[in-house]
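*Asks:* with the input below, show me the fold.
(one chain, ligands or ions: 1)
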Amino acid sequence: MPSKQALVRRPGPRLAEGLVTHIERRPVDPALALRQWEAYVQVLRDHGWHTTEVDPADDCPDAVFVEDSMVVFRNVALLARPGAGPRRAEVPAARAAVEALGCSVNEIRAPGTLDGGDVLKVGDTLYVGRGGRTNADGVRQLRAVFEPLGARVVAVPVSRVLHLKSAVTALPDGTVIGHPPLVDDPAAFPRFLPVAEESGSHVVLLGGGKLLMAASAPRSAELFADLGYQPVGVDISEFEKLEGCVTCLSVRLRELYA
Ligand SMILES: NC(=O)NCCC[C@H](N)C(=O)O
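*Replies:* Residues are numbered from 1 along each chain as shown. So this is what the prediction gives:
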């Protein structure tokens, strides 16, 4: 039975100190970031999503990027063990939130590392990015948890961006979209559609043909509209300065059996 539950996490007081790896640090405006986050959450709600706030982790600058704290397949959550040590303190409250939604919970154990942003679901296929944040043991544990549930786990290289989902996401028909200079191996995906902008690679499927995406990707939005989809733009400039994108600001739980 489809569900439309999403976890979100309010930006904390140390947001501007968030990690940057592949881009230059630029100053973040915390007040603007909060307004942008509120508008993002409102778009989810306006499209029928029930949102639950994970308790704040105010010492963790990157906690707002809640997608990285777990992977959910059907009603089973696998808690991340973030590749960046300082982000590990984000996980306990995320566990509490997903347990409260009725998921059964597994966790990545040392020496494995895995960030939720490295896992892209397309139907029953879980693409996992083996890169800076997710190691081989994390990939192995992901397989061990989800393959018995019917998932097919496909590991792909990620070297040019932070996470797999910084490089690629998927349209409702399963076509994988990405900005070619940032995708290690477009041939890893059965159907790949190039987009003109980096942030045009990131869509959240709101339901029907609606695609939540960053306002910074107008040419990609035009391409998707031309394919019969309805882009819904949000300005997330302050999160983009911290290598965040529309996917990382929520965890969508689409297959909860309540
Ligand atoms: N899934 C994502 O792409 N998350 C973005 C995380 C950005 C954060 N500044 C980090 O480096 O971990």
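*Asks:* give me the sheet partners of the strand or helix carrying L193 and which way each runs.
*Replies:* L193 belongs to strand 192-194 when assigned by DSSP states H and E. Paired strands of strand 192-194, with direction, are strand 176-178 (parallel) (DSSP bridges).
*Asks:* ok, the closest residue to the ligand within the stretch 51-200 of the chain - contacts?
*Replies:* The nearest approach of the stretch 51-200 of the chain to the ligand comes at G117, 2.3 Å away (CB to the nearest ligand atom). For every residue, glycine as well, the C-beta is placed using N, CA and C. Residues counted as contacts of G117 (CB atoms under 8 Å, 6 or more residues apart in numbering) are 65, 67-68, 133, 162-166, 247-248.
*Asks:* in CSV: those, plus neighbour count.
*Replies:* Below are the contacts of G117 laid out as CSV (neighbours: other CB atoms under 10 Å):
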residue, neighbour count
F65, 30
E67, 29
D68, 30
R133, 25
L162, 29
H163, 27
L164, 27
K165, 27
S166, 27
T247, 25
C248, 26
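*Asks:* which one of those residues is nearest to E107?
*Replies:* Nearest to E107 out of the contacts of G117 is D68 (CB to CB; 14.0 Å).
*Asks:* thinking again about what came up before, got phi/psi on the residue of the stretch 51-200 of the chain closest to the ligand?
*Replies:* Dihedral pair for G117: phi -70, psi -10, per degrees, to the nearest 10.
*Asks:* not counting its neighbours along the chain, what's nearest it?
*Replies:* Nearest non-adjacent residue to G117, counting by CB to CB, 6 or more residues apart in numbering: H163, 3.4 Å away.
*Asks:* try L256
*Replies:* S3 (4.0 Å).
*Asks:* doesn't the one you found belong to a helix?
*Replies:* No: residue state for S3 (DSSP: H, G, I helix; E, B strand; the rest coil) corresponds to coil; a helix is not indicated.
*Asks:* ok, now how distant is it from the ligand?
*Replies:* Separation of S3 from the ligand (CB to the nearest ligand atom, to the nearest Å): 21 Å.
*Asks:* surely that residue touches G207?
*Replies:* No: here S3 lies out of contact with G207, judged by CB atoms under 8 Å, at a distance of 11.2 Å.
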